[in-house]
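In: I'd like to go over a predicted model; first the sequence, then the structure.
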Amino acid sequence: MTKQPNILFLIMDDQRADSLDWDFVQTPALDRLAAEGMRFRNQFVHVPICTPGRAECLTGCHGYRNGVMWFNTPIEPSRILMPQAFQQAGYHTMHVGKWHNDGHPRDKGYDRVRLNMHDADDFFTTYKKKGHWLTFSDDDGRHTEGHSTEIFTQAAIEEIAAAPAAKPWFCWLALHSPHDPFGCPEPFQSLYQRPDFPLPPAWQAMPAVDNGDLTIRDELLLPHPRPLETGRRNFANYAAMITHHDYWLGRLFERLRASGQWENTIVCFTSDHGLAVGSHGFLGKESMYDHSCRVPCILRGPGIPAGRATERLSTSADLFPTLCEVADIPIPDSVADGRSLLPLFNSAASPVRDAVFSAFRSPQMVNGEKQLLDTQRNVRTETHKLNWYPMSGRMQLFDLRHDPLEQDDLLQPWRLQDDPIWGYRPPAEKNSVMAVAEALKNTLIAFLASQGDPLAESLASCDDFLPERTRK
């Protein structure tokens, strides 16, 4: 009888989906992984920030249902977590690296925990001073120090090698790369520091829109306007971190090949969310653009087609039921939002989802008190995206077929009106643009209402959401 497949779940921190397509960044290990497996090009996270993004993977539920929409928020306790499901199915479960959810991974379904990032010696002080160079003093007296990518990956190699041979294993390896500060050892750090290194896609010196979160921590890492050459160096350092962790993941993959475990191991590669790094004038992940909400996703292993990619929509919540199905273990009833992606293994498959949704809440001062305010919502189909910023009432509409970088907001007043003096004609007739916007708005309202989002009623009351100049 063939042993059930091992599961290697790789979750990065801040790696945007399109980074796998950049020909100016070296990622040979991930390129090979994609060639041997299947890539999901349009996978999205519901809340683009660390803790909620990880909770979505762990629970198979969006933030509304699992209760995690911001930091320091516990996962709704009735949810069975991914490691718990595999542990209950007889897997030896391991966690290495960044946890960043409530409690401790040792109490969340893991048989073994190594180098949980926030257990590092004097973590917060050290991280502010040294970034990714951390020191751990384990209870067993073991002393570990080094760059987080390197020591986390090495610990995963050791844990997998020591796993019981009689059981399949589940290993969750959570790297902190390529999160800022963008630092890694040489020769990687200076790899892309050259004057002709490109700027990020859709680079802007100032934010493209007031999304209600322009003064959040990430957006203050560089001044406004964003200095061009500083932005270029920043992006080069971000790219260097991706190449650095690709190298170390390659070492892990080679160990699995050498040990004979590779062919019976399912690898899932993803990230908790993306990052702007200068795109659209933003630096962080806290926005509704694809650079923040879209995440990389590669599945590779037994039963998964090789060399295939799909443009169909999927979400991070879908990974939990998908991995359960490919491993032939029960999907917990608490997985309420995730949908198995197995139908997409067929190249002619119909969509698993017609639309995906993202949301953001952030702490802001109201009457001298800190409160979580609803600042951003969106709905995205395979062809269009509608972003809504409730604090300003502003909306954006993008036709992704012709504008994949989301640079041409079709709801800008001048894009909707003829100018007979100069002969300007809008790219699309106003009524057709409005029909698309209205349909997307209704789809978003229905989703928000189904999730108990208090903004559903507010959005429904927005009968006319265009700027004043276009209301004719």
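Out: Everything's here; your move.

In: run through the residues that contact residue 142.
Out: Residue 142 makes contact with residue 136, according to CB atoms under 8 Å, 6 or more residues apart in numbering. Bear in mind the C-beta positions are built from the backbone N, C-alpha and C, glycine included.

In: span of stretch 256-267 from start to end?
Out: Its first and final residues considered, stretch 256-267 spans 11 Å by CA to CA, to the nearest Å.

In: can you list the buried residues in it?
Out: For stretch 256-267, a neighbour-count test (16 or more other CB atoms under 10 Å) marks 256, 261, 262, 265, 266, 267 as buried.

In: now swap in stretch 19-39 and tell me
Out: Taking 16+ other CB under 10 Å as the criterion, stretch 19-39 shows 19-20, 25-27, 29-30, 33-34, 36-39 as buried.

In: output that stretch as PDB, nothing but the C-alphas.
Out: Extracted as PDB, the C-alpha positions of stretch 19-39 are listed here (Å, rounded to 0.1, in the frame of the first residue of the first chain):
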ATOM      1  CA  SER A  19       7.300  38.200  -9.100                       C
ATOM      2  CA  LEU A  20       7.200  34.700 -10.600                       C
ATOM      3  CA  ASP A  21       7.000  36.300 -14.000                       C
ATOM      4  CA  TRP A  22       9.800  38.900 -13.700                       C
ATOM      5  CA  ASP A  23      12.600  37.800 -16.100                       C
ATOM      6  CA  PHE A  24      15.000  40.200 -14.300                       C
ATOM      7  CA  VAL A  25      14.800  38.200 -11.000                       C
ATOM      8  CA  GLN A  26      16.400  34.800 -10.700                       C
ATOM      9  CA  THR A  27      14.200  32.100  -9.300                       C
ATOM     10  CA  PRO A  28      15.400  28.800 -10.700                       C
ATOM     11  CA  ALA A  29      14.000  26.600  -7.900                       C
ATOM     12  CA  LEU A  30      10.500  28.100  -8.200                       C
ATOM     13  CA  ASP A  31      10.700  28.000 -12.000                       C
ATOM     14  CA  ARG A  32      11.400  24.300 -11.900                       C
ATOM     15  CA  LEU A  33       8.600  23.800  -9.300                       C
ATOM     16  CA  ALA A  34       6.100  25.500 -11.600                       C
ATOM     17  CA  ALA A  35       7.400  23.400 -14.500                       C
ATOM     18  CA  GLU A  36       6.800  20.200 -12.500                       C
ATOM     19  CA  GLY A  37       3.400  21.300 -11.200                       C
ATOM     20  CA  MET A  38       0.500  23.700 -11.700                       C
ATOM     21  CA  ARG A  39       0.400  27.400 -11.300                       C
END
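
In: for the remainder of this discussion, apply numbering that starts at 16.
Out: Shifting the count to begin at 16 puts that one at stretch 34-54.

In: quick one: mean pLDDT over that stretch.
Out: Here stretch 34-54 scores 98 as its mean pLDDT.

In: likewise stretch 451-458?
Out: Per-residue pLDDT over stretch 451-458 has a mean of 96.

In: farthest-separated two in the buried residues of stretch 34-54?
Out: Farthest apart among the buried residues of stretch 34-54 by CB to CB are 41 and 53. That separation is 22.1 Å.

In: all strands of the stretch 66-215 of the chain, in order?
Out: 107-112, 127-129, 148-152, 158-162, 184-189 (DSSP state E, counting those that start in this stretch).

In: those helices in this structure, which residues are they?
Out: Ranges of helices in the chain, per DSSP state H, are 43-51, 65-74, 78-81, 97-103, 138-145, 163-177, 243-273, 305-308, 334-342, 445-465, 470-475.

In: now what about the last one, what contacts it?
Out: Contacts of helix 470-475 from elsewhere in the structure, counted by CB under 8 Å, 6+ apart, are 389, 392, 403, 405, 456, 459, 460, 463, 464.

In: of all the buried residues of stretch 271-282, which comes closest to residue 195?
Out: residue 282 (26.3 Å).

In: which ones are touching the closest one?
Out: Counting by CB under 8 Å, 6+ apart, residue 282 makes contact with 23, 25, 48, 52, 268, 313, 314, 315, 316.
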